[in-house]
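*Asks:* Okay, sequence plus prediction incoming.
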Amino acid sequence: MKRGINERVQSLREQSLTALPRISIERAVLVTEAYKKYAGKVSVPVLRALAFKHLCENKKICINDGELIVGERGPAPQVTPTYPELCCHTLEDLRIMDEREKIAFKVDEETRRIHEEMIIPYWQGKSIRNLIFEQMTKEWKYSYEAGIFTEFMEQRAPGHTVEDGKIYRKGFLDFKNEIEGRIKDLDFFNDPEAYDKQEQLRAMAISCDGIIGFARRHAEKAEEMAKHEMNPVRKQELQDIAHVCRYVPANAPRNFREALQMYWFVHLSVITELNTWDAFCPGKLDQHLYPFYKKELEDGSLTRDKAKEFLQCFWIKFNNQPAPPKVGITLEESGTYTDFCNINIGGIKPDGSDGVNDLSYLLLEIIEEMRILQPSTNVQISKKNPDHFIIKAAQVIREGMGFPSVFNTDAVVEELLRQGKTLEDARCGGTSGCVEVGCFGKEAFILTGYFNLVKVLEITLHNGVDPRTGKRIGIETGNPAKFKSFNELLDGFNKQLHHFINIKIRGNNLIERMYAKYMPATFMSIIIDDCIKKAKDYNAGGARYNSRYIQAVGIGSITDSLSSIKYNVFDEKKLSMEDLLKVLKANFDGYEKERLLFLNKTPKYGNDDDYADDIMVKVFNIAHDAINGRKTMNDGKYRIEMLPTTCHVYFGSVVGATSDGRGAGLPLSEGISPVQGADRNGPTAVIKSAAKMDHLRTGGTLLNQKFTPNIMKGEEGLVKLKDLIRSYFKLDGHHIQFNVVDAETLKEAQKNPEKYKNLIVRVAGYSDYFNNLNKNLQDEIINRREHKSF
Amino acid sequence: MSQGIIFNIQKYSLHDGPGIRTTVFLKGCPLSCWWCHNPESQRKKGEFIFLRKKCILCRDCERVCLKAAVKFTENGLCHDREKCILCGECFKACPSEAIEILGKKPDVDEIVKEVEKDRIFYDESGGGVTLSGGEPLMQIDFVDGILTALKERGIHTVVDTSGYTSWENFKRIQEKVDLFLYDIKHMDDEEHTKYTGISNKLILDNLKKLALNGNKIWIRVPIIPSINDDDLNIQRVCNYILSLNLRDIFILPYHNIAIDKYRRVDMEYKIPDIQEPSNKKMEEIAEKFKECGLIVKIGG
């Protein structure tokens, strides 16, 4: 036994870590076959369901040596399908995927040939991606190309949702019964939508058959393998697997192991049906599994070690599924294999009481021992949770992998309540992806794209023109050299921002309808309330709650840039606006003094200094007011988020020099963290600054902190980290995460990547291998302020 | 309103008393310990520091100087200590951080306003504010003013002292101090005088009185190899602490990280050859204190 991992788990882990990500053409072929057979003959929802069922009935079944929880999305671990109905890759795309240095996917000759001969001819011009780009206005395209915003749905589907506990109480035969009952109740005399509802419900019933058949095929395969298995122990295991797969997901699980297998079939079905953003997530896994765990521990049918082994096997299944290949700007905004399944640990129960249980601690052990990228994990901290739980989590954080991140459950509940959710639904909610709040099992909470605050300021400073291209893409908000006061500049920014948010939302609204019409998610709709009740698809507003997020990026950079203009131009009059623009245009070439002045002698966000922090609050309020409460097309509301994934690097690359002293093209600040290195007063000052934003009016914020390992030394270091976290959460902070590593190590790793293959760091709302990051992102992390021990 | 001179305010300070603290470092010290790792704390007067490497020769400092104390010549920047009033204009103007002024002169209100910002962390962690130095009690009015204001606000207070001050000063503040961090550098008076520049008599006397008055005290002993780490000295420290009925002791390993600082403030570093004590050595010394029945911690 090494670090609590037995031989079986070790070898599964090794397989997961060493298998090369490759493209599988299998899914594309099967979906194309189904479309060729059914398209035009059946309704769209039924077509989608039949395509899903066709996949379930025909995809290769893979059961890996030694594993106890079974099922792969592709034909083998790390082998990843494509989704041509969403994004039909060009041959050039395939070549780039195959050859690129980071986040590559190998493409073999056979795959390329089939793609060229079968997939491209059918899907070219028909994929959702094509439809989107055809429908978008000129203004939208200009803004998109300028890097004002990104578009999440241009090559991946909405998803961004999380399972609640219902699949542990109901099997898919139960769901199917319910769906058929709903069909019987339809009113074909008075309800003009009865036909649409019938088609949606029929599609959902077909999808139930799909998942049940998929599991049955695993049972058959396991039985077949058992027949030929010489090792009696493995033979028995395979028979057990068959037994489990014959029972779930058709029926509700009877025990701990079946519960895990149940979830896993659901997970695979969601990510096979469509390429959903943030994959899928079991949510509050410790709470869902605890009744099984407790009962079986009591009756002696399960031991803690056995439960741990099942969970470890379960963990590896996530790691076997890299995020499907992204191309273009979508790769820039989310350049990682991680697929953002973010398991919630701890927090509160639906009745509001302390939700931490023995499994919460067991999951922490698993994170520490497994040391793999997926699934992501977070701890949910409520004032009701014991300190001991946070300290145990801090112990794992100290290991330096950036896991788990830390959320303020009490704030999460308040955020959800503010959005109009019921108290019980809010308490069943949590966070997913990076930091997004949602009601698990009941809400479609969709990220729609990142929004570049700093670029909007740059365009304001050029009276509507993008200085990078010379194109006028914004509105005329006045010549900044003529601005008499700082407020005039803010007004201009406000108008410019509204202009671009309107362009973004107009585009979103079209895209939302396209998915509703052409890409229903008939499987996922089964498990999200109230799609069955409303007989409406998840992608058409079937969920009980529908929220759409726009994620603002660069609050630190824009605050410091504005602070610099206010301080140096308007208050201290160190230079004129004209001169400042000249300096920026020259990218500080010949203006070293000005650069240093901006960098060193200007108030900055992150130091608990109201001069800068007040500006941050103003910018946040402007962005919030432009987004919050806007209507979506599916009866939902828009909300603001403050998170970047890797988009702060891409957004920085399209913005020229900024008045915070940042050179052209360099990364922006990430999340709500201060500009890298601008915070000079330690972590308490950062926390105070960050908490001046009203987190409760967001759908999530992301704060990164970098600590050297020695600051967390000993039990005392852990306790003080706990105190720091509790303090931030008293101030309604939403989320905080830690990189515990010193810059020297990172620099060393940059020089000798081969020696640091296992170095995992926190990027934004996720962790990644340091080696998987491009140089700009590596530098950005190195440049973050490091809090030391004094 | 009393004004003082400080050289730093350190937030998220984890080693100057319980919990999460803010430490205010007051400038000026009657001792001049050879191993002092804050040499910039010793002089009470403010100091003009120039870091040639960072200078970009913009000469803005020269332009803003009210007293013509900063001048550029063929040899670069020349600073006239006589003329300089340490007003800080040159520091404000210097874009490249080549100029530092050590020694800000805030009044009590400014200090309280700044340290109160982290109140939520003190409340959560059982922390508070530590006044350190230098020797804070050299600025007794200022210290008294701060302590009074902090106690009015219910903030936990720590004074980190060398003990070298009049008993009157201790008497004046002891009611407002929740915990003293009290240094014992050497028990032998001759050695003490040699390495710190002053006798330890007043220090030990004050400690005794403070302890007898029932004040909460944590003793701190810097461990300087070959200077005060011998068995005899350790034993004598032990005996003295025990005789005062004190229990808590912190032993702080010597660090030579301050060598550069000495260069910057133009002071001589007298013990460049002394090595930092090993972890093993620190454990051994800790063990000796433990054997005497004391509660020992290594480090702050």
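*Replies:* Arrived safely.
*Asks:* what does the model give residue 126 for pLDDT?
*Replies:* Assuming you mean chain A. The per-residue pLDDT reported for residue A:126 equals 95.
*Asks:* wait, I meant chain B there
*Replies:* pLDDT, residue B:126: 98.
*Asks:* cool, and residue A:232?
*Replies:* 98.
*Asks:* Can you give me every residue that contacts it?
*Replies:* Residue A:232 sits next to no residue when contact means CB atoms under 8 Å, 6 or more residues apart in numbering or on different chains. Yep, even glycine has a C-beta here, placed from its N, CA and C like the rest.
*Asks:* so what's the backbone phi/psi at the most centrally placed residue in chain A?
*Replies:* Geometric centre of chain A, nearest residue: residue A:433, 2.9 Å, by CA atoms, centre = their mean. Per-residue torsions, residue A:433: phi 60, psi -110 (degrees, to the nearest 10).
*Asks:* mind checking how far it is from residue A:700?
*Replies:* Computed with CB to CB, to the nearest Å, the distance linking residue A:433 and residue A:700 is 8 Å.
*Asks:* re the thing from before, how near is the residue nearest to the centre of chain A to chain B?
*Replies:* 29 Å (CB to the nearest CB, to the nearest Å).
*Asks:* Residue ranges in chain A under the pLDDT threshold?
*Replies:* In the predicted model, chain A carries pLDDT under 70 at residues A:1-3, A:789-790.
*Asks:* Kindly report the same for chain B.
*Replies:* Applying pLDDT under 70 to chain B flags residues B:1, B:300.
*Asks:* Chain A contacts on that one?
*Replies:* B:10-15, B:19-20, B:23, B:56, B:58, B:60, B:92, B:94-97, B:117-118, B:120-121, B:123-125, B:127 (CB under 8 Å from any CB of the partner chain).
*Asks:* please redo it, this time with the cut-off set to 6 Å
*Replies:* B:10-14, B:20, B:56, B:58, B:95-97, B:117-118, B:120-121, B:124-125 (CB under 6 Å from any CB of the partner chain).
*Asks:* Which of the residues you listed fall within helices?
*Replies:* Using DSSP state H, the members of those that fall in helices are B:120, B:121, B:124, B:125.
*Asks:* quick one, helices of the stretch 101-250 of chain B?
*Replies:* Ranges of helices in the stretch 101-250 of chain B, per DSSP state H, counting those that start in this stretch, are B:108-116, B:119-125, B:140-152, B:167-173, B:189-196, B:201-212, B:231-243.
*Asks:* I'd like those helices written out as a markdown table, with mean neighbour count added.
*Replies:* Formatted as a markdown table, these follow (neighbours: other CB atoms under 10 Å in any protein chain shown):
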| stretch | mean neighbour count |
| --- | --- |
| helix B:108-116 | 18 |
| helix B:119-125 | 21 |
| helix B:140-152 | 20 |
| helix B:167-173 | 16 |
| helix B:189-196 | 16 |
| helix B:201-212 | 17 |
| helix B:231-243 | 16 |
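*Asks:* Of all these, which one comes closest to residue A:619?
*Replies:* Residue A:619 sits nearest to helix B:119-125 of all the helices of the stretch 101-250 of chain B, at 24.1 Å, using CB to CB.
*Asks:* what packs against whichever strand or helix holds residue A:490?
*Replies:* Assigned by DSSP states H and E, residue A:490 falls within helix A:486-518. Applying 3 or more CB pairs under 6 Å, 6 or more residues apart in numbering or on different chains; DSSP states H and E, one finds that helix A:486-518 makes contact with helix A:128-135, helix A:138-146, helix A:453-460, helix A:610-627.
*Asks:* Against which helices or strands is the helix or strand following the last one packed?
*Replies:* Same thing as helix A:610-627. Next along the chain after helix A:610-627, taking DSSP H and E as the criterion, comes strand A:637-641. Contacts defined by 3+ CB pairs under 6 Å, 6+ apart place strand A:637-641 against strand A:545-553, helix A:610-627.
*Asks:* Return the set of buried residues in the helix ranked longest in chain A.
*Replies:* If you go by DSSP H, chain A has its longest helix at helix A:194-228. Using 16 or more other CB atoms under 10 Å in any protein chain shown as the test for burial, helix A:194-228 gives A:196-212, A:214-219, A:221-223, A:225-226.
*Asks:* cool, and stretch A:514-528?
*Replies:* Of all the residues in stretch A:514-528, those buried under the rule 16+ other CB under 10 Å are A:514-516, A:518-528.
*Asks:* Same question for stretch A:326-339.
*Replies:* Using 16+ other CB under 10 Å as the test for burial, stretch A:326-339 gives A:326-327, A:329-339.
*Asks:* Equivalent analysis for stretch A:21-39, please.
*Replies:* Applying a neighbour-count criterion of 16+ other CB under 10 Å, one finds A:21-35, A:38 buried in stretch A:21-39.
*Asks:* so where do the strands sit in chain B?
*Replies:* With strands called from DSSP state E, chain B shows them at B:6-13, B:21-26, B:47-50, B:70-73, B:76-79, B:99-102, B:128-132, B:156-161, B:179-183, B:217-223, B:248-253, B:295-298.
*Asks:* ok so, going back, so which of the helices and strands packed on helix A:486-518 comes closest to residue A:312?
*Replies:* Minimum separation from residue A:312 across those (CB to CB) falls at helix A:128-135, 37.1 Å.
*Asks:* If you compare the directions of the closest one and helix A:138-146, what angle comes out?
*Replies:* Angle, helix A:128-135 to helix A:138-146, by axes from the mean of the first three to the mean of the last three CA atoms, to 10 degrees: 120 degrees.
*Asks:* Name the surrounding residues that touch helix A:128-135.
*Replies:* Applying CB atoms under 6 Å, 6 or more residues apart in numbering or on different chains, the contact partners of helix A:128-135 are A:86, A:87, A:154, A:155, A:510, A:511, A:514.
*Asks:* Which two of these have the greatest separation?
*Replies:* Of all pairs drawn from the contacts of helix A:128-135, the greatest distance, 17.2 Å, lies between A:87 and A:510 (CB to CB).
*Asks:* Secondary structure class of the nearest residue to residue A:681 once chain neighbours are set aside, three-state.
*Replies:* Leaving aside its sequence neighbours, residue A:681 sits nearest to residue A:607 (CB to CB, 6 or more residues apart in numbering or on different chains; 4.7 Å). Following DSSP: H, G, I helix; E, B strand; the rest coil, residue A:607 is assigned to coil.
*Asks:* Need phi/psi at residue A:607.
*Replies:* Dihedral pair for residue A:607: phi -120, psi 20, per degrees, to the nearest 10.
*Asks:* That one against residue A:687, yeah?
*Replies:* No: using CB atoms under 6 Å, residue A:607 is not in contact with residue A:687, being 11.3 Å away.
*Asks:* between these two, which one's more packed in?
*Replies:* Taking neighbours as other CB atoms under 10 Å in any protein chain shown, residue A:607 and residue A:687 compare with residue A:687 leading, 25 against 21.
*Asks:* Kindly provide the distance from that one to residue A:242.
*Replies:* Remark: distance between residue A:687 and residue A:242 (CB to CB) = 53 Å.
*Asks:* who's in contact with the closest residue to chain A within the stretch 101-250 of chain B?
*Replies:* Relative to chain A, the nearest point of the stretch 101-250 of chain B is residue B:125 (3.6 Å; CB to the nearest CB). Residue B:125 makes contact with A:723, B:19, B:20, according to CB under 6 Å, 6+ apart.
*Asks:* Could you check how many residues crowd around residue A:628?
*Replies:* 18.
*Asks:* so what's residue 62 up against?
*Replies:* Went with chain A since none was named. A:72, A:75, A:76.
*Asks:* hmm, I had chain B in mind actually
*Replies:* Shown in contact with residue B:62 (CB under 6 Å, 6+ apart): B:70, B:72.
*Asks:* can you pull the contacts of the closest residue to chain B within the stretch 201-350 of chain A?
*Replies:* Nearest to chain B in the stretch 201-350 of chain A, going by CB to the nearest CB, is residue A:346, at a distance of 18.7 Å. Residues near residue A:346 by CB under 6 Å, 6+ apart: A:356, A:360, A:379, A:380, A:385, A:389.
*Asks:* run the last query once more with 8 Å
*Replies:* The contact partners of residue A:346, by CB under 8 Å, 6+ apart, come to A:286, A:355, A:356, A:360, A:379, A:380, A:381, A:382, A:385, A:389, A:393, A:409.
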